[in-house]
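Colleague: fold the following.
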Amino acid sequence: MEPGVDLKVLHEAIVSAIAAQFPALQTVEAYREETERTQLPTPACLVELFELDASAEDDPGTGQLALMARFEARLVLGYREVSAKIEVRRLAAALAQFVLRKRWGLGPGVGPAEVIGCYPDDFDPRLDQYEVMRVEWQQLVRIGTDVWSGEGVPVEDVRYAWSPRIGPPFADEYRPLVGRPPIPE
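Modeller: Have a look, this model is predicted:
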């Protein structure tokens, strides 16, 4: 039975991985409170999950809900830092490369990250005194527990037949499967 991903654990794994990969970042957090943004130690990376879309074509058939999770990480540098405009873009590109194909160590409940892009982010008035770039990515996540336990009765007798002579009326004609079945003439 394979458990799905816990969104809190996923956020913690992302934040921990980014902090470990980029030790120069003074702040790596998810969902920083609005009141704290004016006192933000920089350089900073602020991570948020901003969208969860149902993904029916990725239904694993396990009773879990497949969702495409869209994340964004805002990279923030003080506008007075030397070469802040180019440095925030360099940092965004490095983060995008780091995020690519990451599963954050969470197993099959999390698909590989697909980077969408890096964009200037000038729309948050609380970050006016900063240079900000946004890195977006998406990845498939499975929510809930796999209903298949892996337990049950093992199949001991596999039989085959060729269409159109299949089904209960032809049960006596089925042959035991040993190796590969012969190709009918």
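Colleague: show me what contacts the residue nearest the centre of the chain?
Modeller: Central residue of the chain (CA atoms, centre = their mean): residue 139, 3.2 Å from the mean position. Residues near residue 139 by CB atoms under 8 Å, 6 or more residues apart in numbering: 68-69, 71, 102-103, 110-114. Where you see a C-beta, it was placed from the backbone N, CA and C, and this is true even at glycine.
Colleague: rebuild the residues you listed as CSV, extending it with neighbour count.
Modeller: As requested, the contacts of residue 139 are exported to CSV (neighbours: other CB atoms under 10 Å):
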residue, neighbour count
68, 17
69, 22
71, 21
102, 19
103, 17
110, 22
111, 19
112, 12
113, 21
114, 15
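Colleague: out of those, which sit inside strands?
Modeller: Applying DSSP state E to the contacts of residue 139, the entries found in strands are 68-69, 71, 114.
Colleague: now residue 147: how far from residue 55?
Modeller: Distance of residue 147 to residue 55, computed by CB to CB, to the nearest Å: 18 Å.
Colleague: rewinding a little: which single one of the contacts of residue 139 is nearest to residue 135?
Modeller: Minimum distance to residue 135 across the contacts of residue 139 is 8.5 Å, recorded for residue 71 (CB to CB).
Colleague: cheers, nothing more for now.
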